[in-house]
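In: I would like to see how this sequence folds:
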Amino acid sequence: MPPKNHYAGFEREEKYNNLFSLALAECPVLKAKTFRLIIEQICPEFLAGLFERKPCVRNLKYTGMSGESEPANDSFFEHGKIYESIDFNGATYNIKDYENGANKLIGSAYFEWVE
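Out: Have a look, this model is predicted:
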């Protein structure tokens with residue numbers, strides 16, 4: 001079974017990221033801040049609450065990122081182990097018991113959402 005889409009329930013964040021990716025393909029020097037300012041001028045209501053943290057309990061399998069550096073100073077995570085999220089903002093999770101509940105965020109790219 002293919003992994004679940006992290007964006008489920010965060011469709012506006014997915015749309016924003018897809019649009020930003022398309023814009024970057026056309027203009028590789030475009031900055032996220034500039035893109036956000038453009039969207040704000042065209043459709044400010046789209047940005048309201050975008051990437052806001054929301055309660056989100058999911059089972060996440062830690063996969064790391066091939067070819068990328070692992071999170072700094074991280075002996076907490078083990079490849080293949082299942083962790084539980086507390087909340088999500090469409091990009092980063094807060095993981096239960098991580099850093100003794102210090103509300104330290106980690107990107108969804110490090111995880112696969114599993115049943």
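
In: need the helices for this protein, in chain order.
Out: Ranges of helices in the chain, per DSSP state H, are 11-26, 32-42, 44-47.

In: can you tell which of these is closest to Ala109?
Out: The minimum distance between Ala109 and the helices of the chain falls on helix 11-26, with 11.6 Å, by C-beta to C-beta. (C-beta placed from N, C-alpha, C; glycine too.)

In: Tell me which of the helices of the chain sits nearest to Ile82.
Out: helix 11-26 (23.6 Å).

In: contacting residues for the residue lying closest to Tyr93 once chain neighbours are set aside?
Out: Distance criterion C-beta to C-beta, 6 or more residues apart in numbering; nearest residue to Tyr93, sequence neighbours excluded, is Ser85 at 4.4 Å. Shown in contact with Ser85 (C-beta atoms under 8 Å, 6 or more residues apart in numbering): Cys56, Val57, Arg58, Leu60, Tyr93, Asn94, Ile95, Lys96.

In: pLDDT score assigned to Ser85?
Out: We have a pLDDT of 96 for Ser85.

In: Relative to Gln41, how far out is it?
Out: Applying C-beta to C-beta, to the nearest Å, the value for Ser85 to Gln41 is 34 Å.
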